[in-house]
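Undergrad: sequence plus predicted model, see below.
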Amino acid sequence: MEQIPSELEKAECHFTWNLSELALPDLSMRSLAILSEENDQTMELDGMAGWTRRLNALYEIPNDKKVESAYIVDGVLQFVLTSDDDLISKYRTSCLHVVSAFKAFFGMKILNKSSGDIEGCLKYIKPYDSMSPEEKSAILAIKAGVLRFYQVEGTRRSVSLLDEAIGLSDEVEWKVSRLISLSRLRRHVRKLLEWEDIQDMVESLEKLLQDDNASTGQKITVKYYLALTYYDFVIGKKNSPMKQECVRKMSEICEEIHDKTTNVHVRLFCAERMLQFSGYNDRVGDMTLGIAKSILDEKPTLVAAHIVASKVYIGKKDFQSAAGHAQVAVDNGAFGASWLLLQSKATLDPNFDDEQFFETLLSTRPDYEGLIHLNASLFYFILKRDVLKGAEHIVKATGLENVDKGKPIFDFLIKKAVNPWEIAYNQIVISLGSSPGSFAKARILRNAKKSIEETLDCRRFNTRINLVEILLNSKNENDLKRPTTSSTSTNWRSRE
């Protein structure tokens with residue numbers, strides 16, 4: 001390969017940012033998904049974020065895919081040259097620097113072009129040292145926007161770059177971008193948050209909302225991240241006045257912004273959170289179903305929107321429609337939608353073959369074998385009250401090495417986190433102590449009990465009271481009861 005021109009070596013773009021130090025094993029797969037979008041409307045809708053994300057994708061895919069996707073960089077360059085997006089127009093020199101440098105490197109390193117072939121790109125690459133402070137700030141902000149897709153270390157570096165950019169230019173977008181990076185960093189380091197963990201973030205976001213220089217679009221973005229911060233805070237918290245206040249503020253924001261943005265991710269977040277925390281009622285159901293339908297008009301196979309629609313239809317007791325949306329989600333790879341499909345079909349048909357359902361699920365999603373057996377055991381223990389079948393599944397789960405034994409999971413039908421091992425042990429012990437039935441059934445249950453005892457320390461498991469009766473008789477936000485063919489649980493707590 002011909003030597004890279006010196007002025008190109010000093011340019012700022014993906015090829016000079018040492019991204020290989022930060023790359024994730026699965027980043028190429030996610031990049032391929034970005035590039036597979038049939039239309040380029042994403043760039044137009046997302047402005048600065050849209051074109052940088054597409055360059056990110058092109059940089060990360062395997063080299064054999066790069067060659068056939070070379071047209072992407074030409075499309076990005078044309079977009080940056082002609083876009084009337086306010087931010088791109090303001091910082092077009094900086095944007096052109098990054099895109100043109102990328103195109104030049106891509107041409108020489110991937111397409112084996114000569115230095116003469118890339119001369120047209122060099123005219124757009126203004127040397128960084130000769131840039132104004134504002135132009136330099138944009139280069140730093142663009143780089144930060146790229147780096148924050150590279151896990152914890154990349155996100156940390158993006159915060160530092162944005163601090164530097166803000167020092168060069170009092171640009172509202174860089175302040176918003178910095179808070180986005182801080183939000184991503186918080187979500188990388190998952191833990192139960194205290195108020196002190198989010199207080200500075202909340203205050204910074206609220207301050208930006210009062211900034212007269214912030215555009216309407218920027219304020220919607222800020223409100224979304226404020227809602228996201230409240231959401232991260234309340235997850236895992238017991239009910240308290242503080243949690244209730246944060247949920248109230250988050251819900252108000254979601255209701256306010258869901259129809260004021262074209263961003264699919266934000267609209268889905270609003271729909272999911274309204275369902276999760278408001279409980280089902282006609283107003284919330286109609287609002288969230290409207291969001292899901294509008295998204296599906298744009299992206300007919302988007303699984304998250306089908307899941308939202310399925311949940312709403314379950315709340316409306318339209319199980320036929322619920323099953324239809326869940327089926328599309330399952331067919332497009334959404335394992336979690338399997339439980340919505342089971343709930344809908346089992347409610348529609350009292351003779352539904354649930355055993356065949358689990359067999360099919362195990363054959364098509366062997367990567368979730370342990371979770372399938374645990375959820376199947378809870379399905380039989382709690383909903384079907386079939387201790388024998390529940391015991392068979394819990395025994396299969398104990399024999400798997402990759403199952404996190406003894407810990408709670410989220411049960412899809414009762415919409416609560418429960419310990420399947422304790423539920424199983426409780427039901428088996430109570431059944432053996434009452435009337436286990438035939439000798440063969442008693443032997444299966446005793447063997448299951450022994451299998452659990454050999455796997456876990458069961459001394460703390462409650463066997464004095466029937467835990468399933470407690471669960472089914474408990475009251476929560478939606479007066480949870482055991483489903484029948486005419487009614488079902490409408491609690492909206494989603495799997496996270």
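TA: Good, I have the coordinates. Residues are numbered from 1 along each chain as shown.
Undergrad: break the protein into its domains for me.
TA: 1-131, 260-352, 386-496 (automatic domain parsing).
Undergrad: now render those as a markdown table, adding distance to residue 379, mean neighbour count and mean pLDDT.
TA: Any C-beta I mention is one placed from the backbone N, CA and C, and that applies to glycine too. Formatted as a markdown table, the domains of the chain follow (distance: least, C-beta to C-beta, whole Å; neighbours: other C-beta atoms under 10 Å; pLDDT from 0 to 100):
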| stretch | distance to residue 379 | mean neighbour count | mean pLDDT |
| --- | --- | --- | --- |
| domain 1-131 | 31 | 17 | 84 |
| domain 260-352 | 7 | 19 | 93 |
| domain 386-496 | 7 | 16 | 76 |
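Undergrad: out of those domains, which is closest to residue 367?
TA: For residue 367, the closest of the domains of the chain is domain 260-352, at 8.4 Å, according to C-beta to C-beta.
Undergrad: turn the domains of the chain into a markdown table, columns for distance to residue 137.
TA: Output for the domains of the chain, formatted as a markdown table (distance: least, C-beta to C-beta, whole Å):
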| stretch | distance to residue 137 |
| --- | --- |
| domain 1-131 | 8 |
| domain 260-352 | 24 |
| domain 386-496 | 36 |
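Undergrad: residue 203: which of those is closest?
TA: Judging the domains of the chain by C-beta to C-beta, what sits closest to residue 203 is domain 260-352, at 21.7 Å.
Undergrad: span of the closest one from start to end?
TA: End-to-end distance for domain 260-352: 42 Å, by C-alpha to C-alpha, to the nearest Å.
Undergrad: ok now it, how far from the chain's centre?
TA: 15 Å (C-alpha atoms, centre = their mean, to the nearest Å).
Undergrad: give me the neighbour count for residue 135.
TA: The tally of other residues near residue 135 (other C-beta atoms under 10 Å) stands at 20.
Undergrad: just checking, it touches residue 93?
TA: Yes - between residue 135 and residue 93 there is a contact at 5.5 Å, judged by C-beta atoms under 8 Å.
Undergrad: which parts of the stretch 351-496 of the chain are strands?
TA: Applying DSSP state E, counting those that start in this stretch to the stretch 351-496 of the chain gives strands spanning 409-411, 416-418.
Undergrad: what residues are shared contacts of residue 135 and residue 93?
TA: Residues within reach of residue 135 and of residue 93 at once, by C-beta atoms under 8 Å, 6 or more residues apart in numbering, are residue 126.
Undergrad: after the host helix or strand of residue 251, which helix or strand is next? Please name it.
TA: Here residue 251 sits within helix 241-257, counting by DSSP states H and E. Where DSSP H and E defines the elements, the next helix or strand beyond helix 241-257 is helix 264-278.
Undergrad: contacts for that next one next, please.
TA: 220, 224, 227-228, 231, 247, 250-251, 254-255, 257-259, 261, 284, 287-288, 291-292, 294-295, 298-299, 302, 304-305, 308, 311-312, 492-494.
Undergrad: before we move on, the earlier item: got the buried residues for the helix holding residue 251?
TA: 243, 246-247, 250-251, 253-255, 257 (16 or more other C-beta atoms under 10 Å).
Undergrad: distance to residue 426 and pLDDT added to those, as a markdown table?
TA: Listed next are the buried residues of helix 241-257 as a markdown table, based on distance: C-beta to C-beta, whole Å; pLDDT from 0 to 100:
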| residue | distance to residue 426 | pLDDT |
| --- | --- | --- |
| 243 | 29 | 94 |
| 246 | 34 | 96 |
| 247 | 32 | 95 |
| 250 | 36 | 96 |
| 251 | 36 | 94 |
| 253 | 41 | 97 |
| 254 | 38 | 96 |
| 255 | 41 | 95 |
| 257 | 45 | 96 |
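Undergrad: need these in TSV with distance to residue 17, can you?
TA: As requested, the buried residues of helix 241-257 are exported to TSV (distance: C-beta to C-beta, whole Å):
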residue	distance to residue 17
243	41
246	37
247	40
250	35
251	40
253	35
254	36
255	40
257	33
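Undergrad: looking at the residues you listed, which two lie furthest apart in space?
TA: 243 and 257 (21.5 Å).
Undergrad: which regions of the stretch 101-250 of the chain lie under the pLDDT threshold?
TA: Applying pLDDT under 70 to the stretch 101-250 of the chain picks out no residues at all.
Undergrad: helices along that one, start to end?
TA: All helices of the stretch 101-250 of the chain, identified by DSSP state H, counting those that start in this stretch, fall at 119-122, 133-147, 151-168, 172-188, 195-209, 216-234, 241-257.
Undergrad: could you say what helices and strands the shortest one packs with?
TA: Using 3 or more C-beta pairs under 8 Å, 6 or more residues apart in numbering; DSSP states H and E as the contact criterion, the elements in contact with helix 119-122 are helix 92-105.
Undergrad: who does the helix it packs on touch, helix- and strand-wise?
TA: helix 6-9, helix 48-60, helix 71-82, helix 119-122, helix 133-147.
Undergrad: any idea of the angle it forms with helix 133-147?
TA: Put simply, helix 92-105 runs at 50 degrees to helix 133-147, going by axes from the mean of the first three to the mean of the last three C-alpha atoms, to 10 degrees.
Undergrad: identify the residues contacting helix 92-105?
TA: 4, 8, 11-16, 48, 51-52, 55, 59, 73-74, 76-77, 80-81, 88, 118, 121-126, 128, 131, 135-136, 138-139, 142.
Undergrad: how about a cut-off of 7 Å?
TA: 8, 11-15, 55, 73, 76-77, 80, 88, 118, 121-122, 124-126, 135, 138-139, 142 (C-beta atoms under 7 Å, 6 or more residues apart in numbering).
Undergrad: hang on, the earlier thing: can you say which of the helices of the stretch 101-250 of the chain is nearest to residue 367?
TA: Per C-beta to C-beta, nearest to residue 367 of the helices of the stretch 101-250 of the chain: helix 151-168, 22.2 Å.
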